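# Following is a predicted model, sequence given first.
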Amino acid sequence: ELVEAGTGSGVIYDVQGDVAHVVTNQHVIAGASRVEVVCGLGERTEAVVVGADPLTDLAVLAIDAAFAKGVATFGDSDQLVPGQLAIAIGNPLGLDFSQTVTAGVISATNRSIPLDFDGDGEAEWELETIQTDAAINPGNSGGALVNLRGEVVGINSMKISETGIEGMGFAIPANDALPVIRQLEEHGAIQRSYLGVTPKNLQAIPIEQQQTHLQLPPDVVSGVVVLDAESPASQAGLSPMDVIVGLDGL
């Protein structure tokens, strides 16, 4: 039986005793029943998935420390400025082009990318990224974006891939990635607060339904419609079809 296999990139960032940790993208290892790491000199070793988080698109793997010839150093991504030089390292198009290095500049340091996980046309999450024109291709995902000091300032994650569009790649800032990495190491998942609300942008609701179903006054033109309210939201008094028009006095 043929089994689909995918390749990506990763960064060895930590060695603890006989275990080395590798960070990569969650979408690189998503759905895999077995994960293998190929090191710089071609050595192969099986990896254990320590934890993964689809919202931040990060995953942590563990391998035998004997395969780690060194560890990467993280830099301060908050110090990045547009126009600064950046270098992307990874395995574009698979292992045949492993250890490819491309150079470019930082275009923006806080580009927000909406992510639609369920395909309903509305974003469930917005990922803050670094935009760069250093070439990022399939297989670069999970690799390092480094500054001229060789410090990892981002984890390459995605690019806009459409006809006529070039040089629009995005990386997860190092300062955003590190807390996620540490929590994945410790807990295997990210612990987040839970409101229990399924929201929908009021502006996505037709005007007629705003007046008939939601019975909103004409001066309410923006807000969040509560489609479903579970505990703890229901315990706090929220109900389906409520419309939230302010938060904490704003």
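All right, it came through fine. Numbers count the residues shown, from 1 in each chain.
# in stretch 60-80, what counts as buried?
Buried positions in stretch 60-80, judged by neighbour count with 16 or more other CB atoms under 10 Å: Val60, Leu61, Ala62, Ile63, Ala65, Phe67, Ala68, Ala72, Phe74, Gly75, Ser77, Leu80. In this view, the C-beta of every residue, glycine as well, is placed from N, C-alpha and C.
# swap in stretch 119-127?
Quick answer for stretch 119-127 (16+ other CB under 10 Å): Leu127.
# Pull up the distance across that stretch, start to finish.
17 Å (CA to CA, to the nearest Å).
# Please renumber the chain so that the first residue is 70 from this point on.
With 70 as the first residue, the last one maps to stretch 188-196.
# So what touches that stretch?
124-126, 181-187, 226, 239, 241, 269-270, 273 (CB atoms under 8 Å, 6 or more residues apart in numbering).
# Nearest to Ala302 among those?
Distance to Ala302 across the contacts of stretch 188-196 (CB to CB) is lowest for Lys269, with 14.2 Å.
# how far away is the closest one from Ser291?
Noted for Lys269: a distance of 12 Å to Ser291, by CB to CB, to the nearest Å.
# Looking at these two, which is more packed in?
Per other CB atoms under 10 Å, whichever of Lys269 and Ser291 has more neighbours is Lys269, with 15 against 9.
# Who does the closest residue to the more buried one other than its chain neighbours form a beta bridge with?
When the adjacent residues along the chain are set aside, Lys269 lies closest to Val294, with 4.6 Å between them (CB to CB, 6 or more residues apart in numbering). For Val294, the beta-bridge partners under DSSP bridges are Lys269, Val312.
# Val294 and Val266 touch, don't they?
No. Judged on CB atoms under 8 Å, Val294 makes no contact with Val266 at a distance of 10.0 Å.
# Of the two, which one has the most company?
More crowded of Val294 and Val266, by other CB under 10 Å: Val294, with 23 against 20.
# To what extent is Met227 buried, counted in neighbours?
By other CB under 10 Å, neighbour count at Met227 equals 20.
# what helix or strand is it on?
strand 221-228 (DSSP states H and E).
# From Glu195, how far out is the spatially closest residue to Asp133 that is not a sequence neighbour?
Distance criterion CB to CB, 6+ apart; nearest residue to Asp133, sequence neighbours excluded, is Thr114 at 5.8 Å. Distance of Thr114 to Glu195, computed by CB to CB: 36 Å.
# Show me the longest strand that occurs in this structure.
Secondary structure of the chain per DSSP state E: the longest strand is strand 169-184.
# for that strand, which positions count as buried?
Thr169, Thr171, Gly173, Ile175, Ser176, Thr178, Ile182.
# possible to save the residues you listed as CSV with pLDDT and distance to Ile250?
Shown next, in CSV, are these (pLDDT from 0 to 100; distance: CB to CB, whole Å):
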residue, pLDDT, distance to Ile250
Thr169, 94, 24
Thr171, 96, 24
Gly173, 96, 24
Ile175, 97, 22
Ser176, 96, 25
Thr178, 96, 20
Ile182, 91, 20
